[in-house]
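Peer 1: Here is the input, now give the coordinates:
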Amino acid sequence: MELAIHNWMRAEPLAETVERIAKLGYTKLEIQGAPELYNTQKVKKLLDAHGLDCWGSVTLMLEDRNMLAKDPRQREKSVQYVLDLAKMVKELGGSVISLVPATVGKTIPDGRPEEEWKWAIEGIQKVYEYTESVGLRIGIEPINRFETYFINRGDQALALAEAVGPNCGVCLDTFHMNLEEEDLYDAIRKAKGRLVNFHVADNNRMAPGMGTLNWNKIIGTLREIEYDSVLSVEFCAPIDRTPVNPYPNSIDTAAKGLSEEQRKFLEDHGSAAVTKEFYEMLTRKSVETLKPFL
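Peer 2: So this is what the prediction gives:
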């Protein structure tokens, strides 16, 4: 297995992120799902210079991005966003698109269940047609009920993937699984053959090894289903604003380069801008916990 990490958890120049993760032993980057921010030729050159590959990207379903919207124009715009993201990944030589179909933070549906299921399939199939033509894989990702009302468990993601097409996959995330699955190990086993990406954070969404999850058993179950691809680190540290904060220098009170979209995404995930030192500690801890299993 190899280690990847996202770069949406802290607003900093991409070159700074790439230099850090290369030194720590990561081999891949799962780049922020904001294709408008990146010149893919420059990013590819930067990754190559540090011996890294692009693993893929995750959809940032914010604002009016919603493949389940009642308004067909909104659905069409959302599909185009995912297509743009997929094209960015292709240009960077990546492999996967981790796809959340509905707006993150939206917990009230626009339509009836059967309508939304139909809209989800139709939208994802448009992306699937492109990804199949260029050799990318879609991984539909379940996230917890407090972030979406649609697709919270692995069996739901599998059902949607099967409805989209034979090569559509799923992406599982240990943080969300710990909240929503009756048995997270069984959920991994059921995804055999369709698991194309695996996000890792501990039960408290801190770095792996900073909570209660059994990483030996999790990685053992992945090997059991013959998943030998990438573990993609996606911690999103909760921010403690009380006097008992064990990491008193964790909050960046003067963050630079943090867009309103990034700020909202972090806040929707119960986090905020974090300091360089705190972020480096979390990035390093993830490697230290997971490296023995690679």
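
Peer 1: If we go by neighbour counts, what in stretch 45-61 is buried?
Peer 2: Buried positions in stretch 45-61, judged by neighbour count with 16 or more other C-beta atoms under 10 Å: 46, 47, 52, 53, 54, 55, 56, 57, 58, 59, 60, 61. (C-beta placed from N, C-alpha, C; glycine too.)

Peer 1: Can you give me the separation between the last one and residue 122?
Peer 2: To tie it back to what came earlier, the one meant is residue 61. 17 Å (C-beta to C-beta, to the nearest Å).

Peer 1: Same question for the first one.
Peer 2: Here the distance between residue 46 and residue 122 works out to 37 Å (C-beta to C-beta).

Peer 1: Equivalent analysis for the fifth one, please.
Peer 2: Distance, residue 54 to residue 122, using C-beta to C-beta: 28 Å.

Peer 1: go on, residue 103?
Peer 2: 17 Å.

Peer 1: Which one's more surrounded, the two?
Peer 2: Higher neighbour count among residue 103 and residue 122: residue 103, with 23 against 14, using other C-beta atoms under 10 Å.

Peer 1: How about the secondary structure of the nearest residue to that one once chain neighbours are set aside?
Peer 2: On the basis of C-beta to C-beta, 6 or more residues apart in numbering, the spatially nearest residue to residue 103 that is not a chain neighbour turns out to be residue 66, at 4.4 Å. Secondary structure for residue 66, judged by DSSP: H, G, I helix; E, B strand; the rest coil, is coil.

Peer 1: didn't residue 66 look like it was pressed against residue 105?
Peer 2: No: the criterion here is C-beta atoms under 8 Å, and residue 66 misses it with residue 105 at 10.7 Å.

Peer 1: So between those two, which is more surrounded?
Peer 2: Shown here are residue 66 and residue 105; by other C-beta under 10 Å, residue 66 has more neighbours (24 against 16).

Peer 1: Number of residues surrounding residue 75?
Peer 2: Under the neighbour criterion other C-beta under 10 Å, residue 75 is assigned a count of 21.

Peer 1: Check it and give its pLDDT.
Peer 2: Reading off the per-residue confidence, residue 75 sits at a pLDDT of 97.

Peer 1: Okay, and it sits in which element?
Peer 2: Secondary structure from DSSP states H and E places residue 75 in helix 72-91.

Peer 1: I appreciate the help and will end here.
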